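**Student:** build the 3D model from these lines:
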Amino acid sequence: MENDLKKIGNQTIKLNSNPKIISTYSIVGPKEGQGPLGEYFHEVISDDTLGKDSFEKAESEMMYTAIKGAINNANIKEEDIDYLFAGDLLNQITSSGYAARDLNIPFFGLYGACSTMSESLSMAALFIDGSFAKYVVASTSSHFSSAERQFRFPLEYGSQRAPTAQWTVTGSGAMVLSKEGDFPMVTYITTGIVKDYGEKDANNMGAAMAPAFADTLVTHFLDTGRNPSYYDAIISGDLGYIGKDIAIDIAKSQGYNIKPNYNDCGVLMFDKNVQDTHSGGSGCACCGTVFSGYLFKQLKEKKIKKLLLIATGALMNSTSSQQGESIPGVAHAISIEL
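**Tutor:** This next block holds a predicted model:
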């Protein structure tokens, strides 16, 4: 029976059936739409409240829109979806729960902070590979205004942002997975271990998460026998400019040069000089929308054929920060290939 295990190495699963990502949908806020990737998103909203009376309700509506959009783009119906894996940043993942309330789909709520896109995509791919479902949706969301007042300061306070701070992406990304068709396929999943190197500054998430990214990256290479040059692109979720530089240095110290083909969704999302986003983008939707919009189109057009996507998450909350706790990080790697 041990020979039937799909796990290879220490933390990686090889997916024998190669689950396919058959469709995606991305919806973003006005600031994201004005950034360098604006043309790649399926929908850019002009009002980040979406006409709702709270930012939290707007975020939930964005996730609902992304899920419905991904289903429509797959040319299937809501009742065809067997499971929904979704998560967000808000207390008790309410954005996901309220979006699921309006959908007639069995729901698994996930929390991995900003690693949730890789987490939900991992679980969706595993369900398809194990023949537990025919169609599965993975989704995540975040909103600048709802996250800012939960994790940092109320917007009305007008707090000065530190140079290391990142800008939480307003948006939602969703994707549908299945076994059939000629689409980008998930081939390997490397699940991350929680790493904590003692960073306590909630305004420096990139530094807190970079060690977890590097650990999962190196583990993926060791488990699969691959190296950085195998991939056309290695993309982290939201390390931002500072975290990206730290990640490159840590990987180099472990014998891996990722600089030629490595980038970060938080770096790609905004023009930091024009848009004043300091260290770049962050949030669950950072990886969710950049992959569902920009990267998926690059894969479909065969501009990228081998992608290693590693979303990163800081596993803290407002209470733990105020109590002086350090910030643990986690990262999950997904190998997506044509």
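**Student:** these two touch, right, G173 and G283?
**Tutor:** No. Proximity of G173 to G283 does not meet the contact threshold set by Cβ atoms under 8 Å, at 11.0 Å. No exception for glycine: its C-beta is placed from N, CA and C like everyone else's.
**Student:** neighbour count winner among the two?
**Tutor:** Taking neighbours as other Cβ atoms under 10 Å, G173 and G283 compare with G173 leading, 36 against 33.
**Student:** paired strands for the host helix or strand of the more buried one, with orientation please.
**Tutor:** Assigned by DSSP states H and E, G173 belongs to strand 171-178. Applying DSSP bridges to the sheet, strand 171-178 is found paired with strand 20-28 (antiparallel), strand 136-142 (antiparallel).
**Student:** tell me the average confidence for that strand?
**Tutor:** The pLDDT scores in strand 171-178 average 97.
**Student:** how far does stretch 248-257 sit from its chain's centre?
**Tutor:** Relative to the centre of its chain, stretch 248-257 is centred 23 Å away, using Cα atoms, centre = their mean, to the nearest Å.
**Student:** repeat for stretch 256-275
**Tutor:** Between the mean C-alpha location of stretch 256-275 and the chain-wide mean there is a distance of 15 Å, by Cα atoms, centre = their mean.
**Student:** my read: S60 touches Y98, true?
**Tutor:** Yes. Between S60 and Y98 there is a contact under Cβ under 8 Å: 4.2 Å.
**Student:** what's whichever helix or strand F213 is part of packed up against?
**Tutor:** If you go by DSSP H and E, F213 is part of helix 205-224. Judged by 3 or more Cβ pairs under 8 Å, 6 or more residues apart in numbering; DSSP states H and E, helix 205-224 is in contact with strand 12-14, strand 185-190, helix 240-253, strand 306-314, strand 329-337.
**Student:** shaky segments in the stretch 151-300 of the chain?
**Tutor:** Low-confidence segments of the stretch 151-300 of the chain (pLDDT under 70): 151-163.
**Student:** leaving out chain neighbours, which residue sits closest to T164?
**Tutor:** The shortest distance from T164 to any residue that is not its chain neighbour, by Cβ to Cβ, 6 or more residues apart in numbering, is 4.1 Å, and that residue is N204.
**Student:** for that neighbour, grab the count of nearby residues.
**Tutor:** By the criterion of other Cβ under 10 Å, N204 has 21 neighbours.
**Student:** do L84 as well
**Tutor:** A count of nearby residues for L84, using other Cβ under 10 Å, gives 23.
**Student:** spatially nearest residue to S17 (excluding sequence neighbours)?
**Tutor:** What sits nearest to S17 in space, not counting adjacent residues and going by Cβ to Cβ, 6+ apart, is D129, at 4.9 Å.
**Student:** any idea how far S178 is from that neighbour?
**Tutor:** Relative to S178, D129 is positioned 11 Å away (criterion: Cβ to Cβ, to the nearest Å).
**Student:** any residues in contact with both of these two?
**Tutor:** Jointly contacting D129 and S178 under the rule Cβ atoms under 8 Å, 6 or more residues apart in numbering are P19.
**Student:** correct me if wrong: S229 contacts K259.
**Tutor:** No. Under the contact definition of Cβ under 8 Å, S229 does not touch K259, with a separation of 11.6 Å.
**Student:** which residues sit in contact with the closest residue to I334 other than its chain neighbours?
**Tutor:** On the basis of Cβ to Cβ, 6+ apart, the spatially nearest residue to I334 that is not a chain neighbour turns out to be L309, at 4.7 Å. Residues touching L309, when contacts are defined by Cβ under 8 Å, 6+ apart, comprise S118, L121, I235, G237, C287, F291, L295, A333, I334, I336.
**Student:** same check on D271?
**Tutor:** Counting by Cβ under 8 Å, 6+ apart, D271 touches G35, P36, T277.
**Student:** helix or strand for the residue nearest to E56 when sequence neighbours are not counted, which one?
**Tutor:** Across the structure, with Cβ to Cβ, 6+ apart as the measure, the residue nearest E56 apart from its sequence neighbours is S146 (5.0 Å). S146 belongs to helix 144-151 when assigned by DSSP H and E.
**Student:** ditto for L126
**Tutor:** Assigned by DSSP H and E, L126 belongs to helix 116-129.
**Student:** could you report the distance from K14 to K20?
**Tutor:** 16 Å.
**Student:** can you check N72 too?
**Tutor:** Here the distance between N72 and K20 works out to 17 Å (Cβ to Cβ).
**Student:** quick one, which of those two is more surrounded?
**Tutor:** Remark: of N72 and K20, K20 carries more neighbours, 20 against 14, as counted by other Cβ under 10 Å.
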